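Asks: My questions concern the predicted model and sequence given below.
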Amino acid sequence: MSDLATPQEAIRPGTAPGEDIALEFRGTADFDTSEMTLSIGPAHPATHGVLRIVMDMDGERVVDARPVIGYMHRGFEKLAEHRDYRQIMALTNRHDWLSGFNNELGVAVTLEKILQMEVPDRAQWIRMLMAEWGRILNHLMFVGSYAIELGAITPMFYAFREREDIQHLMESATGGRLHFTYNQPGGVKIDLPKGFLRQSDELLKLVRSRLPDYFDLVLGNEIFQARTVGIGPLDPALALRYGVTGPTLQACGIAEDSRVTEPYLKYGEIDVEVPVGRNGDAFDRFYVLLHRIRASLDMIEQIHDAMPSGPVNVKLPKMVKAPEGHVYGRIENPLGQLGYYLQSSGSKTPWRFKMRTPSFSNVQVLPHLLRGTLVPDMVAVLGSVFFVVGDVDR
Amino acid sequence: MTAPGAGLLKGLGVTLKHMLKPAATQQYPHVRPDLAPRTRGVIALMTENCTVCMLCARECPDWCIYIDSHKETVPAAKEGGRARTRNMLDRFAIDFSLCMYCGICVEVCPFDALHWSPEFEYAEYRIGNLLHEMPRLREWADTVPPPPALDEGADLPKEVADALDKATAAIEAADQAKAAAEVEAAKPAATPAAAAAAAAAADGGAPRAKRAADIDIEVAVEIDQETYDQLIAEGKSERMARSKAKAAFVRKKKAEMLAAEGGGEAAPADAAALADPAAPAEAEAAAPAAPAAEAAAVEPARPRLADVELEGEVQIDQATYDRLIAEGTSERVARSKAKAAWVKAEKQKMIDEGGAE
Amino acid sequence: MNSELISLGESLADFDNFGLSVLVKVLAILAVFFVVPLVVGYMEHKAMAHQQSRLGPMEAGPHGTLQLVADGIKFAQKEDIIPTAADKWVFAMAPGVALVPGILVFAVIPFGPGLWAIDLELGLFYALAIGSFSTLGVLMGGWASANKFSLIGGIRAAAQLIAYELPLILAAAAVVVQAGTMNLAGIVGAQATFMIEGTSINVWYVFPQALGFAIFFIAAMAELARPPFDMPIADSELVFGYMTEYSGIKFAMFLLTEYGGMVSMSALISVLYLGGWQIAPGVALPGCAGAGLFDCGALGVVMGLGVMLGKIMFLSFLMVWARVTYPRLREDQLQKMSWLVLIPLSLVNLAIVAVGKVVL
């Protein structure tokens, strides 16, 4: 594995919400009450998609929570066994639909590993540019949805306004706004259209100028802080045991990021900043999210400066066939570490195509986070642990 | 719980600021969205280009393309040729309710029959109506925008790069030939045409002499009787003889005008070539050689095999035939190639005999 | 300080024929109740939209002015769905129990000189008491829906509305102490004659009782279950809280209760703190005699009404602004804020006013 930064000043959980005041919560121990089993989902505004959480509740306090996944299982890995690699790349846009580009980038990186392909420089840099814009798209979505679950209805609209501009930019190069199908093994399909870098630069300045709004409107808001500070603290050791990655893990204080620990594309040549939180609570997760957007914007600026010229793909055979063997390729999805384990028997379809998705691991810590919280906090916790149900279930 | 603080007021400031700025909404359908040329709106089909290779239907991950075709035999183009079988497209349908807009079909089509169009307003009330047939797909082909230019730093597209390479090669070859021609100009001229070409090439740097193409005649075009009779005697068709005679007439007229105008200004080779009602092959060779002196310097004026016509029965070249049979080719192929070799040899003989005149 | 009780005139609709005046008053109240909340609703649509960088309704009528009319027609023709397990009678009566008190509050609110239905000596007491009756409707709706989420919403609503009654009443009590009357029109008159100690600068009660104004405003938002106090509704958790199972006219009645409450609370705040229909402190309405506020001609009446409506719109805008900007407070934080912050502060406010009244 990789070297993990030691958690600095990680404050262990121990203070339940509301224990700053000397009021003892005796619960309903003195009363003859019965526990209520409430099923949040599968169709519920708070869960991002069809995730079901079965909760045992004592009044408004959650005693136990069990996530039930699988409502969105589409049989991706089985489908992949009967599709050739170009079709697989088109399909992987769709399991985590908020980070389409990064998903197909993972497949491309994996294929290039097994095919031992040299990717032209310009293609690497273009891929990085698109990947970072895709990362910002994903994080903006979660900024909006997290805020709206707490009742702040406005950041969602601001986030979507930014997303529209970014999607318009990416559409001019790739043709798609959500599902890009722009990668191929060995590079990207076609070069950038005229004026793309200039437009990307203008958009960079625009998004940068609007980012302080989120800090002012949400992060600095006392009500938001009261709702999220100390809520749902995630123990770093627990997170590592469950394989939690991405902003959820970075909020616990661990600076684990595949772009730094195992650089792919040209991440080794630019300055990759990995913001970390301190306590791993819901507030820190939002804090890390906003700072990751800022860090991605800085990276985009570096990519603009470094963009070389040259070809953007290599000549491919009519049908790409992976040689016999197996390989594991991993990249940093916006939600965490995305890995593809490809086992090939030499034909044009894989023998086994296993997807290690970040949301699957992120969801597993939910029972630990939800135990002992109140119903509104349950919503705050759900909003702050970043996952996409399509990614969980594939 | 604390009393409202600075953060709350800042938040109010942000929302107030946005209220006073214009909204980001585009009111569709009053305002159309500004879509990029590469936008994947709908797949359009150029039926003229489709050869029914079925690659798109095979590669589609959803199997949403339905193609029907039948085979037809097309009679031989020439006498003695083979009849060909051609695949005719009967039905090409795309089910857009299944289509996932991945673009694999557009990418694999080897004949550029499928294209992306930014057209997106084809919503239907019934999902079955999203299955679109060939006429509708062909209609959308008219909305396909040209591909956008590429950003700086990008490699040129392959077609453009190849064409540029050819053009630069041609220019380089022309420069080389010009240099060679200048060297040759020092030597005594081999043929009048070559001398004229060398002379013209030598003063290629000088201001261009007035050429035939620069003149417009404003006379009713008639035919040159001499040329006409000659061509009819040779056995050409009446129509062809008449058109060539007209061309000869124009040339003569222009030569007269040039001579009248410039006196000694015009390139001597030009006037000489125009005034010469020589055999069509030579006239054709000399006329383009003179005005386009540089081209003539590249290619010595030479009649081509295609210009010569053979009459009489075609025989086979025995040597070629035996060689091919010995190599193992089939009898039919060997015979046809031997015939071709015989024809070529005969034509070359005719040209050599003719050129010696 | 001047504590003269201003004797007030009759309502404009007091005719010799008792039946006629009752009819006119009822019609007027209904007209106000069905028009002003819709205007406030339209303002909310548009203000909220522009603060969120979008346009809001634009298609129904010019710039969406007829949107809420269209909504009303839509609600009227919707299917009325009653869950099988619901307690039918309670379920059916809950919207009525919530709405009717909201309309009854309008009986005492003065919208201008002479523009009231009845001029009760205990006007403020009546308004606050009747207004809190809607809580019962909310509770009925939450219970009878046979839906766990609705139940949670209803229970939260009950706890919240009870908790915020106290700061509301205590803040209002401070105003009563200062004005010396519970009569709403009288309170308006008192503000017209209230001078800062030792000067002849006329100010409204918002100036000496700024704290009370803030407390009353916050408590009013909590009473109406408006964000940031909309835990009973909490759309991201409870779909729509106690209103989840309602559809059609019943749902429209709940919504109308909310917007009607916004109007009545804003009107109360204007009357209690912002000088009612007075244009500016120290400026008399044209055409009026008594203190420049009563016995007015037609012009004065119309202007007074316009001023009141303007203040109502402004206060409603503040409520909408708060809704757009803030996330919602958690229930226990809400309760803490009421019991541990607002009530002590309102007691302090009351004490200051009382002392001031005696000493000054």
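Replies: Everything's here; your move. Numbers count the residues shown, from 1 in each chain, chains lettered A, B, ... in the order given.
Asks: make it CA atoms for all contacts and neighbour counts henceforth
Replies: Noted.
Asks: Quick check: residues of the stretch 101-250 of chain A near chain C?
Replies: Proximity of the stretch 101-250 of chain A to chain C, by CA under 8 Å from any CA of the partner chain, involves residues A:147-154, A:157-158, A:217, A:221, A:223-224, A:227.
Asks: and chain B, which of those contact it?
Replies: A:217, A:221, A:223.
Asks: Include pLDDT, neighbour count and distance to residue A:179 when you put those residues into CSV, please.
Replies: Shown next, in CSV, are those (pLDDT from 0 to 100; neighbours: other CA atoms under 10 Å in any protein chain shown; distance: CA to CA, whole Å):
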residue, pLDDT, neighbour count, distance to residue A:179
A:217, 89, 27, 31
A:221, 88, 24, 35
A:223, 88, 25, 36
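Asks: Among the residues of the stretch 101-250 of chain A next to chain C, name the ones in strands.
Replies: Using DSSP state E, no member of those sits in strands.
Asks: Which of these fall within helices?
Replies: Members of these lying in helices (criterion: DSSP state H): A:147-149, A:154, A:157-158, A:223-224, A:227.
Asks: Get me the contact residues on chain B for chain C.
Replies: Close to chain C, as judged by CA under 8 Å from any CA, chain B has residues B:1-3, B:8, B:11-12, B:15-25.
Asks: Drop anything exposed from those.
Replies: Among the residues of chain B next to chain C, those buried by neighbour count (16 or more other CA atoms under 10 Å in any protein chain shown) are B:8, B:11-12, B:15-16, B:18-19, B:23.
Asks: how about residue 240, what does it touch?
Replies: If you meant another chain, say so; for now it's chain A. Contact analysis of residue A:240 by CA atoms under 8 Å, 6 or more residues apart in numbering or on different chains lists residue A:249.
Asks: what comes up buried for the helix or strand where it lies?
Replies: For residue A:240, the element it lies in under DSSP states H and E is helix A:236-242. Residues of helix A:236-242 classed as buried by neighbour count (16+ other CA under 10 Å): A:236, A:239.
Asks: go on, stretch B:52-60?
Replies: Buried, per 16+ other CA under 10 Å, within stretch B:52-60: B:52, B:54, B:56-57, B:59-60.
Asks: Stretch C:287-304 too?
Replies: So for stretch C:287-304, counting by 16+ other CA under 10 Å, buried means C:287-288, C:291-296, C:300-304.
Asks: which two from the residues you listed end up farthest apart in space?
Replies: Spatially, the most separated pair among these is C:291 and C:302, at 17.1 Å (CA to CA).
Asks: which residues in the chain form strands?
Replies: All of this refers to chain A. In chain A, the strands defined using DSSP E lie at A:36-40, A:52-58, A:61-68, A:183-184, A:187-188, A:325-333, A:336-344, A:352-356.
Asks: Hmm, no, I was thinking of chain C.
Replies: Under the criterion DSSP E, chain C contains no strands.
Asks: Run through the residues of the stretch 251-360 of chain C sitting next to chain B.
Replies: Counting by CA under 8 Å from any CA, the stretch 251-360 of chain C sits next to chain B at C:321-322, C:324-326, C:333, C:336-337, C:341.
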